[in-house]
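Asks: What shape does this take:
(one chain, ligands or ions: 2)
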Amino acid sequence: DLGSSLRGTLDKLRGKSRISEEDVEEVVKEIQRSLLSADVDVSLVMELSDSIKTRALEEEPPSGTPARDFVLRIVYEELVDLIGESTDLPLEEQTILLAGLQGSGKTTTSAKMAWWFSTKGLQPAVIQTDTFRPGAYDQAKQMCERAEVDFYGDPDGEDPVQIARDGLEATSDADVHIVDTAGRHALEDDLIAEIEQINDVVQPDTSLLVLDAAIGQGAKDQAQQFDESIGIDGVAITKLDGTAKGGGALTAVDQTDSSIAFLGTGEEVEDVERFEPEGFISRLLGMGDLGQLAERVERAMEQTQVEEEDWDPEDMLTGQFTLNDMQKQMEAMNNMGPLDQVMDMIPGFGGGIKDQLPDDAMDVTQDRMRTFEYIMDSMTDTEKEYPRAIGASQIERIARGSGTSEEEVRELLQQFKMMERTIKQFQGMGSEQEMQRMMK
Ligand code: GDP
Ligand code: MG
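Replies: Numbers count the residues shown, from 1 in each chain. Ligands and ions are numbered 1, 2, ... in the order given. From the prediction side, this is the model:
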């Protein structure tokens with residue numbers, strides 16, 4: 001499924017601390033596929049991918065953040081930005097009007113919302129104004145009985161506006177009034193005229209557009225029409241217990257500049273959830289733990305800040321360089337970002353000097369670091385202090401003891417030599433600069 005292929009693409013970034021343009025392209029392509037198959041509007045998907053691409057390439061990952069988590073966080077943030085928080089519904093006296101096409105789930109949602117408000121200690125009432133659909137009255141009445149909330153309707157009524165007016169009066173004891181309306185199969189003029197009149201009478205605090213999760217690209221027109229006629233403050237998405245992911249809601253939210261209020265997840269009155277972005281986005285992308293990941297990145301960022309305080313890059317320039325130092329420094333690099341940035345933190349090492357360094361002098365992936373750690377655990381203290389003295393038989397022993405290959409042990413020693421050379425170069429440059437400063 002799509003979620004797993006997105007996950008696969010992201011997993012390829014595992015262990016990388018930097019992200020290439022191709023990496024970003026690949027991730028964005030997968031996200032596009034996920035979103036399009038979740039019925040998110042094409043132009044929205046394009047807008048989103050552009051901002052994800054730009055941010056992933058231009059923003060510097062917070063030091064210590066693996067590329068994979070960094071990209072995921074951007075994706076998550078951009079989606080949260082688009083979807084927004086749940087529609088504000090204060091737990092107090094209010095009137096809510098539901099609009100939407102026939103079969104979208106208005107009547108079910110009105111009973112569900114009433115049930116939800118009743119669990120918050122409020123006294124809700126549903127007013128059913130649908131005179132168009134046969135059986136609408138009975139259906140609403142039964143659902144409200146199941147939800148154990150007040151209900152008003154007129155089985156013989158013919159004027160929905162009059163029913164709305166009477167309903168508000170008849171249920172004046174209630175503190176939350178939820179007004180259910182009739183739908184049509186399509187956006188017809190009489191439907192719009194009717195809901196505008198009801199809107200005038202009811203004067204709702206909040207008007208919600210009820211959308212079937214399977215709505216897809218049709219969401220735009222509906223959202224626009226209802227928004228123009230009565231003003232849409234929020235969206236309720238129904239039938240999320242099916243296979244549809246509800247991407248059309250994003251279109252509606254974007255079109256009406258509103259937010260999502262409720263999610264319907266079944267036919268019973270209790271099958272309702274207040275919207276929260278994390279779960280919805282995870283579902284949209286087919287990744288169950290996206291919010292958790294975003295949180296983890298945040299924690300990693302906080303942690304890194306602490307570690308940065310503990311480590312002074314200037315330590316690198318003094319004294320004998322050993323494998324223990326290398327390990328500490330590799331860890332620090334991993335937490336603080338690429339070498340050239342670390343160099344900027346050292347007084348006297350900005351500008352041209354760092355350009356003379358080999359690009360990958362100290363860039364080590366986290367996978368490689370882990371292997372290096374195993375290897376070093378199998379070394380004696382003397383070996384770590386004097387790595388240059390390690391010979392072939394020792395390499396064989398270390399490889400066996402650490403469960404790595406002799407080749408990997410040699411790589412570690414190679415890396416050590418390279419770093420040692422770099423450090424010496426630095427030390428030389430540092431003192432040269434020092435001299436120049438003193439001579440001025
Ligand atoms: P209305 O015409 O907009 O009032 O829509 P209804 O409330 O009558 O719902 C139309 C159909 O969708 C009914 O059969 C409902 O039981 C069903 N329905 C509504 N919401 C949900 C939901 O969240 N999940 C499922 N599975 N069915 C739903
Ligand atoms: Mg209905």
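
Asks: tell me which parts of the stretch 251-400 of the chain are close to ligand 1?
Replies: With C-beta under 6 Å from any ligand atom as the criterion, the stretch 251-400 of the chain meets ligand 1 at residues Gly264, Thr265, Gly266, Glu267, Asp271. All C-beta spots, glycine's among them, are computed from the backbone N, C-alpha and C.

Asks: Now stretch 235-249: buried residues?
Replies: Val235, Ala236, Ile237, Thr238, Lys239, Leu240, Ala244, Lys245, Gly246, Gly247, Gly248, Ala249 (16 or more other C-beta atoms under 10 Å).

Asks: so is the nearest residue to Glu158 once chain neighbours are set aside in a helix, a strand, or just coil?
Replies: The spatial neighbour of Glu158 that comes closest, neighbours along the chain excluded (C-beta to C-beta, 6 or more residues apart in numbering), is Thr131 at 5.6 Å. What DSSP: H, G, I helix; E, B strand; the rest coil gives for Thr131 is coil.

Asks: Thr131: what's it in contact with?
Replies: Applying C-beta atoms under 8 Å, 6 or more residues apart in numbering to Thr131 gives the contacts Asp154, Gly157, Glu158, Asp159, Pro160, Ile163, Ala182.

Asks: From those residues, list the buried ones, please.
Replies: In the contacts of Thr131, burial by neighbour count holds for Asp154, Gly157, Pro160, Ile163, Ala182, counting by 16+ other C-beta under 10 Å.

Asks: Verify the stated contact: the third one with Thr129.
Replies: Yes - because the distance of 4.1 Å satisfies C-beta atoms under 8 Å, Pro160 is recorded as touching Thr129.

Asks: Checking Ser207 next. Helix, strand or coil?
Replies: Ser207 falls in the strand class when you classify it by three-state DSSP.

Asks: quick one: the closest residue in space to it that isn't next to it in sequence from ligand 2, how far?
Replies: What sits nearest to Ser207 in space, not counting adjacent residues and going by C-beta to C-beta, 6+ apart, is Leu97, at 4.6 Å. Distance, Leu97 to ligand 2, using C-beta to the ion, to the nearest Å: 13 Å.

Asks: Over to Ile232?
Replies: 18 Å.

Asks: Quick check, pLDDT for that residue.
Replies: Looking at Ile232, its pLDDT is 97.

Asks: related to what we said a few turns ago, what's the residue nearest to Glu158 sitting at in phi/psi?
Replies: The phi/psi pair for Thr131 (degrees, to the nearest 10) reads phi -100, psi 0.

Asks: before we move on, what about the one 10 residues further on?
Replies: Backbone geometry at Lys141, expressed as degrees, to the nearest 10, gives phi -60, psi -50.

Asks: If anything else comes up later, I'll come back, but that's it for now.
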